[in-house]
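> The sequence and its predicted three-dimensional model are supplied below.
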Amino acid sequence: MEPPCRCGWVDLAKPYYVAYHDEEWGVPVHDDRRHFEFLILEGAQAGLSWDTILRKRDGYRQGFADFDPAVVARYGVAEVEALRLNPAIVRNRLKIESAIRNARVFLAIQEQFGSFDAYVWRFVDGRPRINSWKTWQEIPTSTPQSDALSKDLIKRGMNFVGTTIIQAHMQATGLVMDHTLDCFRYTQLA
């Protein structure tokens, strides 16, 4: 039996990459902790490969309290220093401090909108934007929706949330469905 066709960016030699594509990428997320997880991971990826972040995901899960924004928001100097010494994550001080700052803003957004999920889905009118790309090279790295969400998050005080990072977040959490037309997940998610 022939293996299913997947998006061209998937490294088929890496089972964790295939699993991420097949089981997570583009699936609509409505859980705030999951949104927070992807905000941390996407911010950490800036300037690095997604492969690096996927390999360090468990380290992030442990270092960032299983992605609980209420716990991360209370991190102080001791936690920052412990994370800076943790080889299981990207040990960039700015990215670590950004995750803590972003946790605080995340909580403020939850308070204002009832949930981060309610806030973020407004940027796509409450339903996934289904695209029809033939190849992964056609997929844009930013859109008017990622521009708008990025600007709003920055205005609220988040950082490491530029439009390219936010586009990746929107793709990962299913606000945007960017599987290519030939990918077996396209028909399942569209």
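Alright, I've got the coordinates. From a predicted model like this one, the values you see are computed outputs, not experimental measurements.

> Give me the most central residue, the chain.
Taking CA atoms, centre = their mean, the centroid of the chain lies closest to residue 38, which sits 3.0 Å from it.

> so that one is in which element?
helix 32-45 (DSSP states H and E).

> For that helix, enumerate the helices and strands it packs against.
With contacts defined as 3 or more CB pairs under 8 Å, 6 or more residues apart in numbering; DSSP states H and E, the packing partners of helix 32-45 are helix 50-55, helix 57-63, helix 69-72, helix 93-113, helix 116-121, helix 163-172. Heads up, the C-betas are built off the backbone N, CA and C, glycines and all.

> cutoff 7 Å now
If contacts are counted by 3 or more CB pairs under 7 Å, 6 or more residues apart in numbering; DSSP states H and E, helix 32-45 sits against helix 50-55, helix 57-63, helix 93-113, helix 116-121, helix 163-172.

> Nearest to residue 127, out of those?
helix 116-121 (7.9 Å; CB to CB).

> what residues does whatever helix or strand comes next after that closest one touch?
Sequence-wise, the next helix or strand downstream of helix 116-121 (DSSP H and E) is strand 129-130. Strand 129-130 is contacted by residues 145, 175, 176, 177, 190 when judged by CB atoms under 7 Å, 6 or more residues apart in numbering.

> 6 Å instead?
176, 177, 190 (CB atoms under 6 Å, 6 or more residues apart in numbering).

> go on, stretch 80-88?
Applying CB under 6 Å, 6+ apart, the contact partners of stretch 80-88 are 59, 63, 91, 96.

> ok now that stretch, how far from the chain's centre?
21 Å (CA atoms, centre = their mean, to the nearest Å).
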